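>>> have a look; sequence and predicted model below, questions after that.
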Amino acid sequence: MIDLYTWITPNGLKISILLEELGLPYRAHAVDITRGEQDAPAFRAVSPSAKIPAIVLEDGSTLMESGAIMIHLAERAGRLLPDEPAARLNVLEWLFWQVGNFGPTLGHAHNFLTYKPGRAPYAEDIFRTETRRLYDTLEARLEGRQYVAGDYSIADIAIWPWVSRFVRHKVDLADFPSIRRWYLELAARPAVIRGYAVPHDTGAIPLP
């Protein structure tokens, strides 16, 4: 049984959705980052960076960082990450696009555009522009493709929870028809619906 330490954030949802897709048995432990629970010594023993998500495997070994966790789980299950080198590299390319670009930029957009609007106009302009650029990149990628990188994969699962916060990004998905089509397809998947409610139900998946 895998122990998942997580919270209701896009990075946390990536792992619960993946675990549901893979059908791997797990227990979810809520780490309420709004109350500082990520700084507790017991959690730092699991995640030295004091960030969710993190997992503890059956042998007691730990793993932090969502991208590393996703690769490990997909390899373990033999699904959602191709073995063929070119296809595998394609999936990893877009996984790391999310980890290094889409996620961090949109995380800052949450802060400046939604949580504290008007506090830093210059930062708001930067992250509004960058958010639009990244959505444009994803739209171009999905145009004419069902999924981000070949078949449905960990790249899709990594990106989707961030798009689910489109309201906080001040983005209208009607402006991005390929993203909207892809987003709604994934939102209807039973495993995505189940994973979205971990570690607790926050309501229905937002629909454009």
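Right, received. Where do you want to start? No experiment lies behind these values; they were computed from the predicted model shown. Residues are numbered from 1 along each chain as shown.
>>> my read: I55 touches I15, true?
Yes. Using CB atoms under 8 Å, I55 is in contact with I15, at 7.2 Å. C-beta coordinates here come from the backbone N, C-alpha and C atoms, glycine included.
>>> neighbour count winner among the two?
Neighbours were counted for I55 and for I15 using other CB atoms under 10 Å; I15 has more, 28 against 23.
>>> which strands and helices lie in contact with the helix or strand encompassing that one?
Using DSSP states H and E, the element containing I15 is helix 10-22. Helices and strands touching helix 10-22, as assessed by 3 or more CB pairs under 8 Å, 6 or more residues apart in numbering; DSSP states H and E, comprise strand 2-6, helix 66-77, helix 103-109, helix 154-163, helix 190-196.
>>> just to revisit the earlier point, anything in contact with each of I55 and I15?
Residues touching both I55 and I15 (CB atoms under 8 Å, 6 or more residues apart in numbering): 4, 69.
>>> which one is A45 nearest to, not counting chain neighbours?
T62 (7.7 Å; CB to CB, 6 or more residues apart in numbering).
>>> typo on my end, A123
Nearest non-adjacent residue to A123, counting by CB to CB, 6+ apart: F112, 4.8 Å away.
>>> surely Y152 and L81 touch.
No. Using CB under 8 Å, Y152 makes no contact with L81, being 11.0 Å away.
>>> more neighbours, the two?
L81 (21 against 17).
>>> domains for the protein, by residue range?
Here the domain assignment for the chain is 2-80, 85-189, based on automatic domain parsing.
>>> relative to the whole chain's centre, how far out is the helix or strand following the helix holding I15?
Scanning forward in sequence from helix 10-22 by DSSP H and E, the next helix or strand is strand 26-30. The chain centroid and the centroid of strand 26-30 are separated by 17 Å under CA atoms, centre = their mean, to the nearest Å.
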